[in-house]
Structure formats: structure tokens, C-alpha cells
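Chemist: coords below, sequence missing:
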């Protein structure tokens, strides 16, 4: 869990758990793959923050702040998964949205789930990241 997210969720007193996959990778990633070419990270969209909230219809909504650090427009698929523990087991809900930002722009992206915020806060988890990382 990212510290900023943990602190903001603790202050609100949420029962759910939030985690992100922002593509930062391992602390010591390999510098050269087997074919000898250096690894290059071309992703320029960066997840800055994410906060779950209740939508107007009572649904769980994840508000994700994303920024484009590139010198041109970039697009990627943002994915989020919510899990809820019930007496019958774990149920998973997934949502996604295409994000496209101009160079140097920061924006909030809302991802809505087909589950109520109340049901999620009573024992759910939440993870999010880019399509190929989650």
C-alpha cells in the first residue's frame, strides 16, 4: 500500500483496503534482458493518487489522479478491481477506462463499480493500475 493512500484512508476511517500498481517495479530490476537489449520504460502516464468514495447513486467510485510526464499525448488503459468478502466467499468486481492526456497534464479519472460503497467498506479490498500491470 502506498503511504499517502494509507494515511488518507485511515483518516476517513474506511474499512476497505486500497493498493496500487504504478509500474515502479522491483527495487533492483534487471538492467539487460536475455537478448542483450537494455530495458526501456516507455510509460509516461503516472498514477499520482487514488481515493475511494461513494457515488451519487451509492456505488463505489475510485477517483484516480493521473499525470502525463511525456512531451506528447499519451494513452493507456486504467484498471481497478474491488473485492468484497461475504459469508459465501470473495466476490471480485472489475472496471476500466481508457485514459488519454496531453503533455504535462494532470487529471482525475473516475472508475465506478457495480457494488455499493457501503458493501465495500464492510470488508473489501481495492487494487488498481495499468492494464498490463494489474
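Modeler: Sure, I can see it. The model shown is predicted, which means the values in this text are computed figures rather than measured ones.

Chemist: buried set for the one helix or strand residue 52 maps to?
Modeler: Assigned by DSSP states H and E, residue 52 belongs to strand 45-54. The neighbour-count check on strand 45-54 (16 or more other C-beta atoms under 10 Å) flags 45, 46, 47, 49, 50, 51, 52 as buried. For glycine as for every other residue, the C-beta is placed from the backbone atoms N, C-alpha and C.

Chemist: Point out the other helices and strands that the helix or strand just after that strand packs with.
Modeler: Counting by DSSP H and E, the next helix or strand C-terminal to strand 45-54 is strand 59-68. If you count contacts as 3 or more C-beta pairs under 8 Å, 6 or more residues apart in numbering; DSSP states H and E, strand 59-68 packs onto strand 45-54, strand 74-86, strand 89-101, strand 106-116, helix 117-121, strand 124-130.

Chemist: Which other helices and strands does the first one contact?
Modeler: Yep, that's strand 45-54 we're talking about. Under the contact criterion of 3+ C-beta pairs under 8 Å, 6+ apart, strand 45-54 touches helix 3-12, strand 17-21, strand 59-68, strand 74-86, helix 117-121, strand 124-130.

Chemist: and if we set it to 10 Å?
Modeler: Helices and strands touching strand 45-54, by 3 or more C-beta pairs under 10 Å, 6 or more residues apart in numbering; DSSP states H and E, are helix 3-12, strand 17-21, strand 59-68, strand 74-86, strand 89-101, strand 106-116, helix 117-121, strand 124-130.

Chemist: between the fifth one and strand 45-54, what angle do the directions make?
Modeler: For strand 89-101 against strand 45-54, the angle by axes from the mean of the first three to the mean of the last three C-alpha atoms, to 10 degrees is 130 degrees.

Chemist: now the angle from strand 89-101 to strand 124-130?
Modeler: 30 degrees.

Chemist: mean confidence for strand 89-101?
Modeler: For strand 89-101, mean pLDDT is 95.
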